[in-house]
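1. Sequence below, structure please.
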Amino acid sequence: MTTPASAAASGGSPPPAGTARWPALVPLLLVVAPLLLKLAGLAVPNTVIMFSLLVGLMLTGMPISISLGLTVLAYLFFMTTVPIQSVALKLFTGIEKFEIMAIPFFILAGNFLTHGGVARRMIRFASAMVGHFYGGLGLAGVVACALFAAVSGSSPATVVAIGSILLPAMVKAGFPTRFGAGVITTSGALGILIPPSIVMVMYAVATNTSVGALFIAGIVPGIVLAGFLGFTTWFRARRFDYPRQPRASWTERWQAFVQSLWGLLLIIVVIGGIYTGIFTPTEAAAMSAVYAFVIAVFVYKDLPLKRVPRVLLDSANMSAMLLYIITNAVMFSYLMTSENIPQELAAWMLDKGLGVFTFLLVVNVLLLLAGNVMEASSIVLILAPILFPVAIKLGVDPVHFGIMMTVNMEVGMCHPPVGLNLYVASGITKMGITELTIAVWPWLLSMLVFLVLVTYWPPLTLWLPKLLGMIH
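-> Numbers count the residues shown, from 1 in each chain. This is a model prediction of the structure:
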């Protein structure tokens, strides 16, 4: 290791003092500079101040929820005339929406299913159906992730449930670890596109869009994306001659189907119940949590009763974290609306003559960049209230816009530095994030192609909900 003293002794010049420290000053400058300029009487736009504060606080490593809260408090006390009483009222009215109750229930259902043997049976069924093709276990991983996504609502839960069982089996069968990691990391992202989806509930809360319509709209794009990922898996497996499983007999397929039937029935319970109007999405979430508990504990018996309190505690921790983010994000979006920031942005874009094509391109780039520094829930809760009014003014369907945002969140979950699926997969495979990033690129490229398709071909998203009369 070269010290400044040794550098000087060897004839080299020591590094300038503070060279290694200057990046640490960036967050401080972002936080302090706009405030000082404002206090000095200069006309600094409120938008610049709010986002400088938020980005600066996040760059310090502070959790997003606390960064949002401090930004709101600083802005509230020093830079706005919005009455504090109305903000306090909004704090409660903003989170008492019935739809928000769906989030903890879907998290609980996902945890019960993850620990309750459902994933193992789904993998066996998927392997029996597609295991004889090139890269059979990889294709089984894509199908199993799609099936588990239809009951869990969470991408990380899907990666853990399917990956922890399938990845060791793939390595044992002779697949490279990189191939298996790439399949599971990206296919796990289907957890937030194929309904039920926690991210879609967040979008519905932020924009007052129908949760039921979003769920139904996610079905066809979810199946198409599973097809894209499956084709990429098959193509690479055929190119590199990866192993195939022996073709399962129809008897074996039927047995695998019967064993996984209790888990698969949950798909019909949730989606069928919402479509037929038997219950709302929130009631469907509660129903799925109870159903998952019964299946895991009393039917499959893979989850002992003594472990149930641990599952409940883990679910409560995750729910509390998400609800805290929602609370602060509701406050943030309320202040932005009070300051007319979304309306001004919409007016500016219309004045510049930006059409739907350019707007959607800008939104995609913005969301993909945001995916580098924030996780999915925070991006939706912060940016949806800003971008949604502009989209509506330009004639973009709110359901189509929601699915487009969800697909962007999927891509963000699979690339560094904050891709949650990468970190979950890293824990399972013991691979470094850099190596995992290289491993997922072929599938990530197919996801980006799919993003373009979903963005500029709305019928892919809107055909099914229109057919079922959920939107007009």
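2. For the rest of this, base every contact and every neighbour count on C-alpha atoms.
-> Noted.
3. for residue 303, helix, strand, or coil?
-> Secondary structure for residue 303, judged by DSSP: H, G, I helix; E, B strand; the rest coil, is coil.
4. Next, the contact list for it, please.
-> 115, 116, 117, 296, 297 (CA atoms under 8 Å, 6 or more residues apart in numbering).
5. please redo it, this time with the cut-off set to 7 Å
-> Counting by CA atoms under 7 Å, 6 or more residues apart in numbering, residue 303 makes contact with 115, 116, 296, 297.
6. Can you tell me what sits against stretch 60-74?
-> 27, 50, 53, 54, 57, 58, 324, 325, 328, 329, 331, 332.
7. Not counting sequence-adjacent ones, nearest residue to the third one?
-> Excluding its sequence neighbours, the residue lying closest to residue 53 (CA to CA, 6 or more residues apart in numbering) is residue 31, at 4.7 Å.
8. Now do the same contact list for residue 424.
-> 156, 160.
9. Please identify which helix or strand holds it.
-> helix 420-429 (DSSP states H and E).
10. Including distance to residue 359, pLDDT and neighbour count, could the contacts of residue 303 go into CSV?
-> Listed next are these as CSV, based on distance: CA to CA, whole Å; pLDDT from 0 to 100; neighbours: other CA atoms under 10 Å:
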residue, distance to residue 359, pLDDT, neighbour count
115, 43, 84, 20
116, 44, 81, 25
296, 46, 91, 25
297, 49, 92, 19
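11. Looking at the residues you listed, spot the one nearest residue 438.
-> residue 115 (30.0 Å; CA to CA).
12. how much space between the closest one and residue 303?
-> Applying CA to CA, to the nearest Å, the value for residue 115 to residue 303 is 6 Å.
13. ok, now residue 130?
-> Using CA to CA, residue 130 is found at 28 Å from residue 303.
14. Give me the neighbour count for the spatially closest residue to residue 312 that is not a sequence neighbour.
-> Nearest non-adjacent residue to residue 312, counting by CA to CA, 6+ apart: residue 108, 6.9 Å away. By other CA atoms under 10 Å, 27 other residues sit near residue 108.
15. I'd guessed residue 108 sits against residue 290; true?
-> No - contact criterion CA atoms under 7 Å: residue 108 and residue 290 do not qualify, at 9.0 Å.
16. Go through stretch 364-376 and flag the buried ones.
-> 364, 367, 368, 370, 371, 373, 374, 375, 376 (16 or more other CA atoms under 10 Å).
17. Tell me where the model's unsure across the stretch 151-300 of the chain.
-> Within the stretch 151-300 of the chain, no range satisfies pLDDT under 70.
18. would you list every one of the helices in it?
-> Secondary structure of the stretch 151-300 of the chain, counting by DSSP state H, counting those that start in this stretch: helices at 155-172, 177-187, 198-207, 211-217, 219-239, 250-267, 273-276, 281-294.
19. In TSV, list those helices along with mean neighbour count and distance to residue 432.
-> Shown next, in TSV, are the helices of the stretch 151-300 of the chain (neighbours: other CA atoms under 10 Å; distance: least, CA to CA, whole Å):
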stretch	mean neighbour count	distance to residue 432
helix 155-172	23	16
helix 177-187	27	11
helix 198-207	25	27
helix 211-217	25	35
helix 219-239	19	22
helix 250-267	17	33
helix 273-276	17	41
helix 281-294	22	33
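20. Look up how far residue 465 lies from residue 405.
-> 18 Å.
21. no, scratch that, I was asking about residue 26
-> 47 Å.
22. So for these two, which residue has more residues nearby?
-> Between residue 26 and residue 465, residue 465 has the larger neighbour count (other CA under 10 Å), namely 23 against 13.
23. tilt between the helix or strand hosting that one and helix 219-239?
-> Following DSSP H and E, one finds residue 465 within helix 459-467. Per axes from the mean of the first three to the mean of the last three CA atoms, to 10 degrees, the angle that helix 459-467 makes with helix 219-239 is 140 degrees.
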